[in-house]
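Novice: when you get a sec, could you give me coordinates for this:
(one chain, ligands or ions: 1)
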Amino acid sequence: MRSISILGATGSVGEQTLDLVRRNREEWKVVALTAHSNVAALAAMAREFDAEVAVIADETRLDELRAALAGSGIEAAGGRAALCEAASRPVDMTVAAIVGCAGLGPVMAAIEQGGTIALANKEALVSAGEVMTEAVKSHGATLLPVDSEHNAIFQCLSGNRIEDVRSITLTASGGPLRLVENLDAVTPEQAIAHPNWDMGAKISVDSATMFNKGLELIEAHHLFPVGLDRIRIVVHPQSVIHSMVEYRDGSTLAQLGPSDMRVPIASCLAWPLRMDTPMAPLDLAAIGELSFFAPDEVRFPATRLAREAAQAGGAAPAILNAANEIAVAAFLERKIAFSRIPLLVERVLSEGQLPDPPRTLEEVLGVDGSARKRANELLELA
Ligand code: NDP
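Specialist: Residues are numbered from 1 along each chain as shown. From the prediction side, this is the model:
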């Protein structure tokens, strides 16, 4: 039996991870499950999987969680410190599936245990790039990418030397708005209606703006040290090829599969082996056609902004991420138009001098907090 903790268990990635655990129940012991405020789902999961501890990040809901778990023998905890404490319990596998920079503290707590972390929470790596990769090295932890593109690259790199890589190509579906003319009039409902993937609201909006691909560019830059100029993006609306690696001999390896996150999650859970999933065999004749386009960085400037932030390095990616989180939340609350999301991010990024590169978790959180504050001020001014 292997032990597993799932941070962000009630989300889209968390639920899909638990679906795989459910299918292989005898192989896993569930230690910690966490959520932000969804007490009912968290308590039901904790009971079903007989978790050791269930943590609700919103401490005001702790009494509710205690009541929901009464008589089960499952420990209930609440608040940010409890989240980090639960994440620091030694396990064979931690699935980091909290959305946003809010997941950074718990991910770092898991890394400090030196175990294996299946990372979905891209915002944490984008914000804390060097700090997190240094911590992975110094604590002897293993980071496995859950993001389908990075998982594809990870698989295509297997058995090869990074020195032999000529380029990495991240594929992008282009999101639901690729062909929509008036981006000013886009509603949250339209933006989250992703054509290929069923995901949480924030990443769905990120896919629509292409910030998702921008964040993934920065994520890839930290995970696969080939140089930023060798990481490319191509729009591939069918989402069948999840990414590609080109080698210096002219060979390009690609990973293909259905648009179902259980495939990359399973690849992490079973790594370095393979496990069964309920996927139907890939039917290329039924798919018929695979198409590819260059990204349109005029209508969707997010990938340009992310590349510039990655080039600037230091605090810039954390600022980009924080401003984007605030802008997406404001858009989902119908406070700003869709097209203002990249404008707000660009404005926050371009104001004044960049702060010194953050060297510790606290410094990253400081940069994140200041950028959020500035983004909120600019929202108020508008
Ligand atoms: P969801 O919004 O579906 O779920 C987010 C999870 O994080 C929930 O468990 C939520 O709890 C919890 N959470 C939210 N805010 C906080 C907070 N402030 N503190 C602690 N916990 C919090 O997100 P997804 O599953 O879609 O995405 C999770 C991460 O995985 C993101 O970083 C995303 O970019 C990445 N990812 C997702 C993919 C997908 O297919 N969904 C694909 C690739 C990457 P509650 O339910 O109580 O709100």
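Novice: got the contact list for residue 45?
Specialist: Residues in contact with residue 45, defined by Cβ atoms under 8 Å, 6 or more residues apart in numbering, are 9-10, 18, 33, 51, 54. From N, CA and C alone the C-beta is placed, and that goes for glycine too.
Novice: measure it to the ligand for me?
Specialist: Plainly put, residue 45 is 10 Å away from the ligand if you go by Cβ to the nearest ligand atom, to the nearest Å.
Novice: and for residue 58?
Specialist: Taking Cβ to the nearest ligand atom, one finds residue 58 at 8 Å from the ligand.
Novice: for that residue, which non-adjacent residue is closest in space?
Specialist: Among residues not flanking residue 58 along the chain, residue 37 sits closest, at 4.4 Å (Cβ to Cβ, 6 or more residues apart in numbering).
Novice: show me which residues of the stretch 51-200 of the chain are close to the ligand?
Specialist: Selection of the stretch 51-200 of the chain residues close to the ligand by Cβ under 6 Å from any ligand atom yields 57, 97-99, 102, 120-123, 147, 197, 199-200.
Novice: which one in these is the model shakiest on?
Specialist: Looking at those by pLDDT, the weakest one is residue 197, with 83.
Novice: pretty sure that residue sits against residue 261.
Specialist: Yes - counting by Cβ atoms under 8 Å, residue 197 does reach residue 261; the two are 7.4 Å apart.
Novice: quick one: which of these two has more around it?
Specialist: Neighbour comparison, residue 197 and residue 261: the larger count goes to residue 261, with 24 against 17 (by other Cβ atoms under 10 Å).
Novice: I figured that one hits residue 15, correct?
Specialist: No - applying Cβ under 8 Å as the test, residue 261 and residue 15 come out as separate, 9.7 Å apart.
Novice: ok, the one residue in the stretch 151-300 of the chain that gets nearest to the ligand - contacts?
Specialist: Among all residues of the stretch 151-300 of the chain, residue 200 sits closest to the ligand, at 2.6 Å; criterion: Cβ to the nearest ligand atom. For residue 200, the contacting residues are 11-13, 99, by Cβ under 8 Å, 6+ apart.
Novice: residue in the stretch 1-150 of the chain nearest to the ligand?
Specialist: Taking Cβ to the nearest ligand atom, the stretch 1-150 of the chain has residue 11 as its residue nearest the ligand, at 1.9 Å.
Novice: and the longest helix for the chain?
Specialist: helix 361-381 (DSSP state H).
Novice: can you name every helix or strand that that helix contacts?
Specialist: Using 3 or more Cβ pairs under 8 Å, 6 or more residues apart in numbering; DSSP states H and E, the elements in contact with helix 361-381 are helix 104-111, helix 122-138, helix 316-332, helix 340-350.
Novice: repeat that with 6 Å
Specialist: helix 122-138, helix 316-332, helix 340-350 (3 or more Cβ pairs under 6 Å, 6 or more residues apart in numbering; DSSP states H and E).
Novice: quick check: angle from the last one to helix 316-332?
Specialist: The one in question is helix 340-350. Here helix 340-350 runs at 150 degrees with respect to helix 316-332, directions being taken by axes from the mean of the first three to the mean of the last three Cα atoms, to 10 degrees.
Novice: any idea how far helix 340-350 is from the chain center?
Specialist: From the chain centre to the centre of helix 340-350 is a distance of 21 Å (Cα atoms, centre = their mean, to the nearest Å).
Novice: state the mean pLDDT of it.
Specialist: pLDDT averaged over helix 340-350 gives 97.
Novice: with just CA atoms, put it into PDB.
Specialist: Backbone C-alpha positions of helix 340-350 (Å, rounded to 0.1, in the frame of the first residue of the first chain) are rendered in PDB as follows:
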ATOM      1  CA  ARG A 340      -9.400  43.900 -19.500                       C
ATOM      2  CA  ILE A 341      -7.800  40.800 -18.000                       C
ATOM      3  CA  PRO A 342      -4.500  41.100 -20.000                       C
ATOM      4  CA  LEU A 343      -4.600  44.900 -19.800                       C
ATOM      5  CA  LEU A 344      -4.600  44.800 -16.000                       C
ATOM      6  CA  VAL A 345      -1.800  42.300 -15.900                       C
ATOM      7  CA  GLU A 346       0.300  44.300 -18.300                       C
ATOM      8  CA  ARG A 347      -0.300  47.500 -16.300                       C
ATOM      9  CA  VAL A 348       0.700  45.900 -12.900                       C
ATOM     10  CA  LEU A 349       3.800  44.400 -14.500                       C
ATOM     11  CA  SER A 350       4.900  47.500 -16.200                       C
END
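Novice: for residue 53, give me its contacts.
Specialist: Applying Cβ atoms under 6 Å, 6 or more residues apart in numbering to residue 53 gives the contacts 32, 75, 86.
Novice: who is it paired with across the strands?
Specialist: Beta-bridge partners recorded for residue 53 (DSSP bridges): residue 32, residue 75.
Novice: ok, residue 1 - how many residues close by?
Specialist: Neighbour number of residue 1 under other Cβ under 10 Å is 8.
Novice: that older thread, residue 174 versus the residue of the stretch 1-150 of the chain closest to the ligand, what's the distance?
Specialist: 24 Å (Cβ to Cβ, to the nearest Å).
Novice: this completes my enquiry, with thanks.
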